[in-house]
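K.L.:
Got a predicted model here, sequence first, then my questions.
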Amino acid sequence: MREPAKSKAARTIEVINRLAKAYPEAQCELNFANPLELLIATILSARCTDRQVNVVTARLFKKYRSPDDYAQSDPSDLELDLKSLGLYRNKAKSIQSCCRRLIELHGGQVPRTAAELMQLGGVGRKTANVVLGNAFNINDGIAVDTHVARLAGRLGLSAHKLPEKIEADLKKLVPQEKWTLFSHWLIWHGRRRCYARHPDCLHCEVNDLCPSAFRFD
DNA sequence: CTCCCGATAT
DNA sequence: ATATCAGGAG
């Protein structure tokens, strides 16, 4: 007699327990010293690796220390500083409009609600959730990036493609106090085991809980 | 939906 | 050569 299939809720809790044990040190891998730096770093992280972002921000954060520094800088100068990241024109434009509105609407301070963050240029749900969770320790949402989207699909936790819908599914399955950490666990697992191209299901800590395991050979 | 885009791994 | 990387705007 075979075990009845676990409910999705119970499976999610088991996945959380396993990944928490596998990655006890999981945390944000973008380097930052204050909320503004995390906001900028997260805008820059679109479609490029954290490692690349950290190389650029190491010198960027010495050159630009306040929203005014970004807002008043020559756009083409800022573009050059961001060139190695790709999408650098968009990112420069986003940072400048973001910092202008930061000054106009919030006195240069980074706001602490998703709605206010998303009114800033270049800031969507994912970036807002990252800043709230990692700069302010506010579990207001689950940051759904490329890794979280991919793993939520493979693990059978959401059948949707749109990040907002995936986030809504995950919020029902994950205890709110773990929303920020949950993103980190999936991201760390995505980077170290559940790769986009050839996931290492053989050594995966949750392969027995994963409906997609060993289907990538 | 398309566009933005360089660095890296395969 | 091609896929992928902490997405967001038009």
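P.N.:
Happy to help now that I have it.

K.L.:
Now stretch A:136-145 - C-alpha only, CSV.
P.N.:
Extracted in CSV, the C-alpha atoms of stretch A:136-145 (Å, rounded to 0.1, in the frame of the first residue of the first chain):
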residue,chain,number,x,y,z
PHE,A,136,13.5,46.9,6.9
ASN,A,137,12.7,43.3,8.0
ILE,A,138,9.1,43.8,6.9
ASN,A,139,7.4,40.6,5.6
ASP,A,140,4.8,42.3,3.4
GLY,A,141,5.3,40.1,0.3
ILE,A,142,7.4,37.3,-1.3
ALA,A,143,9.9,38.5,-3.8
VAL,A,144,9.4,36.5,-7.0
ASP,A,145,12.4,36.7,-9.2
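
K.L.:
Show me what the longest helix belonging to chain A is packed up against.
P.N.:
In chain A, with assignment by DSSP state H, the single longest helix is helix A:88-106. Judged by 3 or more Cβ pairs under 8 Å, 6 or more residues apart in numbering; DSSP states H and E, the packing partners of helix A:88-106 are helix A:35-44, helix A:67-72, helix A:75-82. For the C-beta atoms, the positions are set from N, CA and C on the backbone; glycine is no exception.

K.L.:
If you count neighbours, what's buried in whatever helix or strand comes next after it?
P.N.:
Going down the chain from helix A:88-106, the next helix or strand is helix A:114-118, by DSSP states H and E. Within helix A:114-118, the residues that qualify as buried are A:114, A:116, A:117, counting by 16 or more other Cβ atoms under 10 Å.

K.L.:
Could you chop chain A up by domain?
P.N.:
A:8-27+A:142-209, A:35-135 (automatic domain parsing).

K.L.:
Which member of the buried residues of helix A:114-118 is positioned nearest residue A:99?
P.N.:
Distance to residue A:99 across these (Cβ to Cβ) is lowest for residue A:117, with 13.2 Å.

K.L.:
Look up how far residue A:144 lies from that closest one.
P.N.:
15 Å (Cβ to Cβ, to the nearest Å).

K.L.:
next one: residue A:47
P.N.:
15 Å.

K.L.:
Just give the number of residues close to residue A:46.
P.N.:
19 (other Cβ atoms under 10 Å).

K.L.:
Which pLDDT value belongs to it?
P.N.:
Residue-level confidence at residue A:46 comes out at 98, pLDDT.

K.L.:
Please consider this matter closed, and thank you.
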